[in-house]
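Engineer: structure for the following, please:
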Amino acid sequence: MCGVAGVFGDEKAVTLCCEALFAQQHRGQDSCGLASCSKDGLVRHRGMGLVRDVLSPDVLASLAGTSAIGHVRYPTQGAATLENAQPHLFLEDGRPRFALASNGDITNLTALRAMLAERGVALQGTNDAEVIAACIGVWAFADGLGLEEAIREWMRQGRGAYSTLLLTPDRLYAFRDPHGFRPLSLGEREGAVLLASETVAFDVLRGTFLEEIPPGALYRWDAGGLARLQGASPCGPHHCIFEHIYFARPDSRAFSERIFEVRRRIGEELANGDPVEADVVVPIPDSSNYIGLAYAHAKGLPFALGLVRNHYIGRSFISPDQVMRDDAVRLKFNPLPGFFEGRRVVLVDDSIVRGTTIRKLVRMMRENGAREVHLRIGSPPIRFSCYYGIDTPVRERLAAAFRSPEEVAKSLGADSLRYLPMEGLRCAVSSPDHYCYACFTGDYPEGCKAEGDTVSGG
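Structural biologist: I've put the predicted structure just below:
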């Protein structure tokens, strides 16, 4: 999972793009980068770490220009290395022709890498965005298709999820896979074009949200303004429901929904028909706060922030190493002293992926005197891998993949466990047929699934 940002037509494009990335830091803390177009052509800076550390004032000054794209990365394809940090540059005869940043995962990378290898293209890293850039560059310049037809060729051949920005010395392109798996929105600020994975970036920049880039769309901005070009025929759409459940900031909107309102409805649906008796409802901050608050209100139970979160620790689910996740949980959460003593607690979380965080928190609550701990989860059980941009590639590591709710509850040390029913999740969004639920059902929108880096039927 990653985040992208773009600005076109503003003297402060680099600074604005950096601020848009900072607003989306929750989408990836592994690496970040920014490319801009100055009088000397395309320039780029990328590094490992957070936006505030990598894109320093001195770095931003070296990237001056009126257009820019940027990226924050959490690795789902490729290792956590500088070579895999984005944006990627495509070079021809040593000269940058374009920069590219993308959010999503490509499911037919093996075939695409083989094609590039046959053509003598040497890739520097191992992530999918570099493959997108290389394919488009080869088709555009070596094959003479031109950039726009090469992007369309990518949209014909590439499979999986991509919400992508491509910057040339005088143009900015945005294109999105035909399923619309990942969000990508268009905004405006004092005549300048704004693009971002999440609309909260527009709020931070005091811009205005205009529209979501449609699935399969190809947009171009140049000195003449916006051109909506022919892209690919949309399929679905199949938006990622996990954006609403966990990933997006509550003050963003995605897929024509306000995130906090979806989470509120999830909490209400989660409480519907739940017979549990308890003394207090406690959410796991922060993504579960709105779910927990709505659940408590619907149940008529007290709501309390009984866990204190250290906001200087990143999101533990998206820490790429299991040992790092274990350490992150211990450092990230601490219970209020004496709060849990003798209480029957409903602990609300948005989802259970591997179970690392919630298992340790249940144990922590019991060590602090909780009499009962009942888990209430704002999503159905995650039983299948995601190949479209969420880090769940190994099914055997999913807590619920091969276990019943009772078995999961026992493994986590909880007195009871209740998931949000699938119908409850569908009721929480306005257009339930427009979403991908493959991580819950195994029904993959493309009619296939990727096993590691290969694609197989079923």
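
Engineer: list the contacts for Cys427?
Structural biologist: Residues in contact with Cys427, defined by Cβ atoms under 8 Å, 6 or more residues apart in numbering, are Arg265, Glu269. Every C-beta, even on glycine, is put in place using the N, C-alpha and C of the backbone.

Engineer: same thing with the one 4 residues further on?
Structural biologist: Shown in contact with Ser431 (Cβ under 8 Å, 6+ apart): Phe255, Ser256.

Engineer: then Arg156?
Structural biologist: Contacts of Arg156 (Cβ under 8 Å, 6+ apart): Ala232.

Engineer: can you say which helix or strand has it in it?
Structural biologist: helix 147-157 (DSSP states H and E).

Engineer: which stretches of the stretch 301-450 of the chain have low pLDDT?
Structural biologist: 314-327, 393, 447-450 (pLDDT under 70).

Engineer: could you pull out the strands for it?
Structural biologist: Under the criterion DSSP state E, counting those that start in this stretch, the stretch 301-450 of the chain contains strands at 307-309, 333-335, 344-349, 372-377, 416-419, 435-436, 448-451.

Engineer: do the same with the stretch 51-200 of the chain
Structural biologist: 67-73, 88-92, 95-103, 163-167, 172-176, 185-189, 192-196.

Engineer: would a markdown table of those strands with distance to Glu211 be doable?
Structural biologist: Output for those, formatted as a markdown table (distance: least, Cβ to Cβ, whole Å):
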| stretch | distance to Glu211 |
| --- | --- |
| strand 67-73 | 19 |
| strand 88-92 | 27 |
| strand 95-103 | 18 |
| strand 163-167 | 14 |
| strand 172-176 | 11 |
| strand 185-189 | 5 |
| strand 192-196 | 11 |
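
Engineer: nearest to Tyr312, out of these?
Structural biologist: strand 67-73 (16.7 Å; Cβ to Cβ).

Engineer: now find how far off-centre the closest one is within its chain.
Structural biologist: From the chain centre to the centre of strand 67-73 is a distance of 15 Å (Cα atoms, centre = their mean, to the nearest Å).

Engineer: ok, stretch 12-21 next?
Structural biologist: On the basis of Cα atoms, centre = their mean, stretch 12-21 sits 19 Å off its chain's mean C-alpha point.

Engineer: can you pull the domain assignment for the chain?
Structural biologist: 2-237, 260-434 (automatic domain parsing).

Engineer: point out the most buried one among these.
Structural biologist: Among the domains of the chain, domain 2-237 has the highest mean neighbour count (mean count of other Cβ atoms under 10 Å), at a mean of 21.

Engineer: and the end-to-end length of it?
Structural biologist: 20 Å (Cα to Cα, to the nearest Å).

Engineer: got it, and stretch 216-235?
Structural biologist: 8 Å.

Engineer: same thing with stretch 400-418?
Structural biologist: Distance between the two ends of stretch 400-418: 12 Å, counting by Cα to Cα.

Engineer: quick revisit: could you dump the strands of the stretch 51-200 of the chain to JSON lines with mean pLDDT and distance to Leu307?
Structural biologist: Shown next, in JSON lines, are those (pLDDT from 0 to 100; distance: least, Cβ to Cβ, whole Å):
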{"stretch": "strand 67-73", "mean pLDDT": "98", "distance to Leu307": "26"}
{"stretch": "strand 88-92", "mean pLDDT": "96", "distance to Leu307": "39"}
{"stretch": "strand 95-103", "mean pLDDT": "97", "distance to Leu307": "30"}
{"stretch": "strand 163-167", "mean pLDDT": "99", "distance to Leu307": "33"}
{"stretch": "strand 172-176", "mean pLDDT": "99", "distance to Leu307": "37"}
{"stretch": "strand 185-189", "mean pLDDT": "99", "distance to Leu307": "32"}
{"stretch": "strand 192-196", "mean pLDDT": "99", "distance to Leu307": "30"}
